[in-house]
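Peer 1: Pasted the sequence and its predicted model underneath.
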Amino acid sequence: AQSVTQPDIHITVSEGASLELRCNYSYGATPYLFWYVQSPGQGLQLLLKYFSGDTLVQGIKGFEAEFKRSQSSFNLRKPSVHWSDAAEYFCAVGEAFGNEKLTFGTGTRLTIIP
Amino acid sequence: DSGVTQTPKHLITATGQRVTLRCSPRSGDLSVYWYQQSLDQGLQFLIQYYNGEERAKGNILERFSAQQFPDLHSELNLSSLELGDSALYFCASSVGLLNTEAFFGQGTRLTVV
């Protein structure tokens, strides 16, 4: 069965600093990988996704993620965070070729300090 | 605004009761997904409908059921409610069968007292 691990429950970074959120997945075949962001009181918004091809994926709001098959990782990065990036971030994995569901990680809460 | 509308936004009910959560997908989307987000279980997939038919089931309890109507809106019915059913219930929709880019609603927060 597919699974996702986000080892960091809570991360605090200073505004303007770089960010990396970790995600490790377990899946037997080629996965579909996603990062979602959830702001307080809001639904989930898709930041970026990886299906195939270039392993470095660009998303919205200046985020990028790199797929590393050898490490079963799909870490999310941003070179300079803004106070508005404070939110909960979820990594998710879906099955390739006809996925009907996503399996989510437990999320990483990001706090931004001035 | 994702285009997915969920009603009501908040719901408080007593144990043993039954509630119905409603979801209107984005215009043109045929698939609807239901997810439950709770503190102890995280985000879990419940069920998917595609063009009116059940497509996939996840960790959905027998006390829960869903359907998708001809106008493509969907309802999630939760019965014999227990305290542990308190959670945020999300609906998401996508154009086709592949969940390549699901758009999520803002959720319905259910509190069972």
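Peer 2: Cool, got the structure. Numbering: from 1, shown residues only, chains lettered A, B, ... in the order given.

Peer 1: By mean pLDDT, point me to the weakest helix or strand of chain A.
Peer 2: strand A:102-104 (a mean of 87; mean pLDDT, DSSP states H and E).

Peer 1: which helices and strands does that strand pack with?
Peer 2: strand A:3-5, strand A:87-95, strand B:42-50 (3 or more Cβ pairs under 8 Å, 6 or more residues apart in numbering or on different chains; DSSP states H and E). Backbone N, C-alpha and C define where each C-beta goes, glycine included.

Peer 1: How far off centre is it?
Peer 2: Centre-to-centre, strand A:102-104 and its host chain are 12 Å apart (Cα atoms, centre = their mean, to the nearest Å).

Peer 1: For that strand, which strands pair with it and how are they oriented?
Peer 2: With DSSP bridges as the test, strand A:102-104 is paired with strand A:87-95 (antiparallel).

Peer 1: Please save the CA atoms from whichever helix or strand B:Tyr33 is part of in PDB.
Peer 2: Assigned by DSSP states H and E, B:Tyr33 belongs to strand B:31-38. Taking Å, rounded to 0.1, in the frame of the first residue of the first chain, the C-alpha atoms of strand B:31-38 are listed here in PDB:
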ATOM      1  CA  SER B  31     -15.600  13.300 -10.400                       C
ATOM      2  CA  VAL B  32     -16.300  14.100  -6.800                       C
ATOM      3  CA  TYR B  33     -14.100  12.900  -3.900                       C
ATOM      4  CA  TRP B  34     -14.900  13.000  -0.200                       C
ATOM      5  CA  TYR B  35     -12.100  13.300   2.400                       C
ATOM      6  CA  GLN B  36     -12.200  13.300   6.200                       C
ATOM      7  CA  GLN B  37      -9.600  15.300   8.100                       C
ATOM      8  CA  SER B  38      -9.300  14.600  11.800                       C
END
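
Peer 1: Thank you kindly, that will do.
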